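*Asks:* below are the sequence and a predicted model for it; my questions follow.
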Amino acid sequence: MDPVSENPSSFQPKRPALSWGVKIKRKLKSVAPFLGRFRPLVGQCCHQCTPESLGLKLLRNTPPLGFQNLTCVNETHTGYRGWLVRRVCCLLFVWGCEVHPSPAGDRRHRVHGSERVRQALVTACSPDETKAMELVTPEVRSPLDRLLVLTQTFISPCLLRLVSWMLLKVFSLMFCSVQINLNQLAALHRATQLKSPLVYVCVRQSSIDHILICLSLFCHNLRVPYTIYPAHVRQNWLRSILQRLGVVLLPEGSGSERDAEMDSLYSPVMTSFVGELLREGVALSVGICASGGHGGQWLARVHQAISDGLVADVSVVPVGISYDCLPRYFSHPQAGVMSALRFAVSLLKGDHRGSVRIHFAQAFSLKEMCESGKCRVDGGRPLQDLLLTTILHDRMDSIFSQKDVSWLLPLAVMPELSPADRQQTIALTLHLMFSSTASMAVMSTSLVCCLLLHKHRKGVRVSVLCRDICWLLEEVLFRNTDVGYGGSLVGLVHHALSLLRPYLLLAAAPPTGEPIIAPRPDPDSLLILSQHCDLLTHVFIHEAVGACAVSAMLSEVVGCGGGGDLEFDVVLGQEELTEKSLQLTHLLSPGFIPPCQTAHGFALDVVDSMVRCGVLVMEEVQKDTPVCDFMKKQGVLSWAVSDNPDQSSDSDCEEPDARSYKLSQPSQCPELLFFLCSLLSVRLRALCWALESLHYLPSPITERDCLSQLHAHLKNRAQLDKAHYESSSIDLVRMVLRTFIDLGVLIEDRQREDVYLDVSPLFFQCTYKEKLLQFFKQFMYN
């Protein structure tokens, strides 16, 4: 465990970030420093899927080595001292870092000569054997050469040092600190001794995610990985530089990653290319899209290299990157040069800078995970089979199965994969999405945004906000999640509010003049504040699902249909509570629960977590006879129906009573319940609004047009509501569209050139549409 006080990321601004800075400090004199004094050990691999990797104890609970600010380079990082060294210490440090060269060599010929590429060429030309021999014609060679150029990617040591020096300078302007856990880097050094190539996997958040990973590894003498970057760069000079830095770009002419995958030659060439890279012993860096699962096909190619015998095993390292305030112009993976220039101008204006925390989780064996059989998603059923009978006919016979998420890796992507390998890749993608998200640290801005949006939406005094930050901090640490800050409470509040000030309203409360803070009610501010809350929804997902399930049951009891005054003095049955939790679990997006855990097991954990956090208490059922009184009043002890012990059975025993729960009696229980419900209400509200807007959509409509029009309808709905603009984000619209397709509300038609969507005739009927709407609304407390 690492003391918080040892974190060098202690925020003590030289000047107050607010005009009421002095008043804030006066109000906080009586507030104690952070109550959480230790950091949890995060990043350990799954004990169920990879027990052998966990047994290696690469990530040891040793005395903490502390944190390092990557951008803070001084003369102590070099082997020299002196006046001149202090001015060129960054250049000396970069030039002294170890670089593992990785020339391309004859890699292009090896990829071209692989059996997989040869078979793809024969299929791409024609089934006719005569055309299969005409592989030297320009019509065939041109598209192949366009792909083989990508295999010439390599890492130039001199260019890598120069760019790393420039990045250290740029990041020192962009961020106040880039923190790295030195214990996790020591675990990475131990992982390199296993002689297996390392594959770093992160969840895509911005276009600088992979840059931060590569720079962190370079500065600590670890092999810089080849980066899979799914962006189309048009400038030839920039493509040439990136290819010399180990960046694998999209082929020229491909607009998106899915467009490239539709090429029949792209997948075989890239699969052979990844296999050759791993055979050379280099490392890879892969990003996975949380909303659509894009990037999972690269994990399939890594696993294919193991199946082909090109490499014995691969060590996978989930990476969690947390931003205090994500740079606006780098918030999209497709951000280009103009975005970088605009952001450079904003730096010159003196905009506030956030911090970054990078967590490298423990490396685990990919071969062990795939061969253990614990991480699997096969046998899942479509979402409409799981929930439609429950929604429309009040039947519970289907909800205990697993949800099918085969859309994460469509059949059009890597069609050569067998069904078993495809299901294995989907399970691996889900597990790494969960592991990478679980490795992220909760930043100070996330805590402030979560409290302002989900607990104090109408405004809060600074002293009350600080008290709630201490409470929320302890709850986060209790759930084995790290935080990305340290220092005094005053410094933390100043730092977070200075970053969020453009999105907040500040006022002084009479008569003391204590600052009151509230989120701005405009759409842009609420959308940005809501983005900071996403990670805390993952942290509290058990409690959030449980709170929504409790709210649904309370609404049924009082017959208020999801709104009104709830009656809290109600006994809740465990079976019904588990069923409600399971229904809501099926509506969650991928990445909230690992595939090695069933949805039913997750729902059972939800009920237990509600008891642990104090929202529910177990209800003791009063009986006529005390449990400890074994003797009947007649003085006869009765054990079974039959006196013959050989004829006794379990059926002779009395069925154990099902557990029941009640809401805890303290006054803060409803407030905590509503706070937890609010975390998922953002998603549920988006589902309700989108369902109400379906009749505005033309039919049929392309998937892309449906996404844009549905997004416009949700923004208009939020404008009419004059609140809850965070429920109209484009990411939530993608989630809604996927949910409606899985539920059968929208029917896909893939027989044309594009994917067309049409509203199901079943939900043209107002009765069934209203039932589905009430199903969504029951989980919302208002």
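*Replies:* Happy to help now that I have it.

*Asks:* burial count for T739?
*Replies:* 23 (other CB atoms under 10 Å). In this view, the C-beta of every residue, glycine as well, is placed from N, C-alpha and C.

*Asks:* let me fix that, I meant to ask about D524.
*Replies:* For D524, using other CB under 10 Å, the count is 11.

*Asks:* show the pLDDT at it.
*Replies:* Per-residue confidence (pLDDT) for D524: 92.

*Asks:* Three-state assignment for it, please.
*Replies:* Secondary structure, DSSP: H, G, I helix; E, B strand; the rest coil: D524 is helix.

*Asks:* identify the residue spatially nearest to it, adjacent ones excluded.
*Replies:* Y503 (7.8 Å; CB to CB, 6 or more residues apart in numbering).

*Asks:* these two touch, right, that neighbour and I517?
*Replies:* No. Using CB atoms under 8 Å, Y503 is not in contact with I517, being 10.6 Å away.

*Asks:* between those two, which one's more packed in?
*Replies:* I517 (24 against 18).

*Asks:* what's the separation between the more buried one and K722?
*Replies:* 20 Å (CB to CB, to the nearest Å).

*Asks:* do the same with D522
*Replies:* In terms of CB to CB, D522 sits 11 Å off from K722.

*Asks:* these two touch, right, S581 and A544?
*Replies:* No. Taking contacts as CB under 8 Å, S581 lies outside contact range of A544: 10.4 Å.

*Asks:* gap between the closest residue to K455 other than its chain neighbours and I730?
*Replies:* Once flanking residues are discounted, K455 sits nearest to F675: 5.0 Å by CB to CB, 6+ apart. Using CB to CB, one gets 26 Å for the distance from F675 to I730.

*Asks:* of the two, which one has the most company?
*Replies:* Using other CB under 10 Å as the criterion, F675 and I730 rank with F675 on top: 22 against 15.

*Asks:* picking that back up, contacting residues for the residue nearest to D524?
*Replies:* Contacts for Y503 (CB atoms under 8 Å, 6 or more residues apart in numbering) come out as P519, R520, D524, S525, L526, I528, L529.

*Asks:* which one of the residues you listed has the most neighbours?
*Replies:* L526 (26 neighbours).

*Asks:* give the buried residues for stretch 207-222.
*Replies:* Neighbour counts over stretch 207-222 (16 or more other CB atoms under 10 Å) mark 207-220, 222 as buried.

*Asks:* and which of these is nearest to L772?
*Replies:* Of all those, D209 has the smallest distance to L772: 37.1 Å, by CB to CB.

*Asks:* the closest one and S589: what is the separation?
*Replies:* D209 is 20 Å from S589, by CB to CB.

*Asks:* list the beta-bridge partners for the closest residue to R204 other than its chain neighbours.
*Replies:* Of all residues not flanking R204 in the chain, G287 sits nearest, at 4.2 Å (CB to CB, 6+ apart). G287 forms beta bridges with C202, as assigned by DSSP bridges.

*Asks:* run a quick neighbour tally on D394.
*Replies:* 8.

*Asks:* now do it, the pLDDT please.
*Replies:* 73.

*Asks:* so what's T50 up against?
*Replies:* Applying CB under 8 Å, 6+ apart, the residues near T50 are F364, S365, E368, M369, S372.

*Asks:* per-domain residue ranges of this protein.
*Replies:* By the assignment in automatic domain parsing, the chain contains the domains 46-103+131-372, 679-777.

*Asks:* per-stretch mean pLDDT over the ones you listed, give me the minimum one.
*Replies:* Looking at the domains of the chain, the bottom one is domain 46-103+131-372 with a mean of 86.

*Asks:* quick check: V94 touching L167?
*Replies:* No. In this structure, V94 is not within contact of L167 by CB under 8 Å, at 9.5 Å.

*Asks:* would you map the strands across the stretch 551-700 of the chain?
*Replies:* Taking DSSP state E, counting those that start in this stretch as the criterion, the stretch 551-700 of the chain contains strands spanning 571-573, 616-618, 660-663.

*Asks:* so what touches the first one?
*Replies:* For strand 571-573, contacts defined as CB under 8 Å, 6+ apart pick out V550, M553, L616, E619, A658, R659, S660, Y661, K662.

*Asks:* given the lengthiest strand in the chain, what are its sheet partners and their directions?
*Replies:* Selection of the longest strand in the chain by residue count, based on DSSP state E, yields strand 315-323. Partners of strand 315-323 in the sheet, by DSSP bridges, are strand 198-203 (parallel), strand 354-360 (antiparallel), strand 364-365 (antiparallel).

*Asks:* from the contacts of Y503, which two are the most distant?
*Replies:* P519 and D524 (11.3 Å).

*Asks:* just curious, which of the contacts of T50 is nearest to S488?
*Replies:* For those, the nearest to S488 is F364 (37.4 Å; CB to CB).

*Asks:* count of neighbours near that closest one?
*Replies:* The burial count for F364: 27, using other CB under 10 Å.

*Asks:* among the domains of the chain, which comes closest to R381?
*Replies:* That would be domain 679-777 among these, by CB to CB, at 10.6 Å.

*Asks:* report the distance from that closest one to the chain centre.
*Replies:* 23 Å (CA atoms, centre = their mean, to the nearest Å).

*Asks:* how about the closest residue to K662 other than its chain neighbours, what does it touch?
*Replies:* Nearest non-adjacent residue to K662, counting by CB to CB, 6+ apart: E619, 4.9 Å away. The contact partners of E619, taken as CB under 8 Å, 6+ apart, are V571, R659, S660, Y661, K662.

*Asks:* run through the helices of the stretch 501-650 of the chain in chain order.
*Replies:* 523-539, 541-558, 574-586, 599-612 (DSSP state H, counting those that start in this stretch).

*Asks:* show me what contacts L160?
*Replies:* By CB under 8 Å, 6+ apart, the neighbours of L160 are V99, F218, V224, L245.

*Asks:* do that again at 6 Å, thanks
*Replies:* Taking CB atoms under 6 Å, 6 or more residues apart in numbering, we find L160 in contact with V99.

*Asks:* could I get the phi/psi values of it?
*Replies:* phi -60, psi -40 (degrees, to the nearest 10).

*Asks:* roughly how far does it sit from L604?
*Replies:* L160 is 50 Å from L604, by CB to CB.

*Asks:* check A496 too.
*Replies:* Per CB to CB, A496 is found 36 Å from L604.

*Asks:* higher neighbour count, these two?
*Replies:* Shown here are A496 and L604; by other CB under 10 Å, A496 has more neighbours (26 against 15).

*Asks:* so the more buried one touches V442, yeah?
*Replies:* No. With contact defined as CB atoms under 6 Å, A496 does not count as touching V442 (11.7 Å).

*Asks:* isn't L584 right next to V545, touching?
*Replies:* Yes. The pair L584 / V545 is scored as a contact, 5.2 Å apart, by CB under 6 Å.

*Asks:* who has more neighbours out of the two?
*Replies:* Ranked by neighbour count (other CB under 10 Å), L584 and V545 place V545 first, with 32 against 22.

*Asks:* report pLDDT for the more buried one.
*Replies:* pLDDT, V545: 96.

*Asks:* grab the longest helix from this structure for me.
*Replies:* helix 668-692 (DSSP state H).
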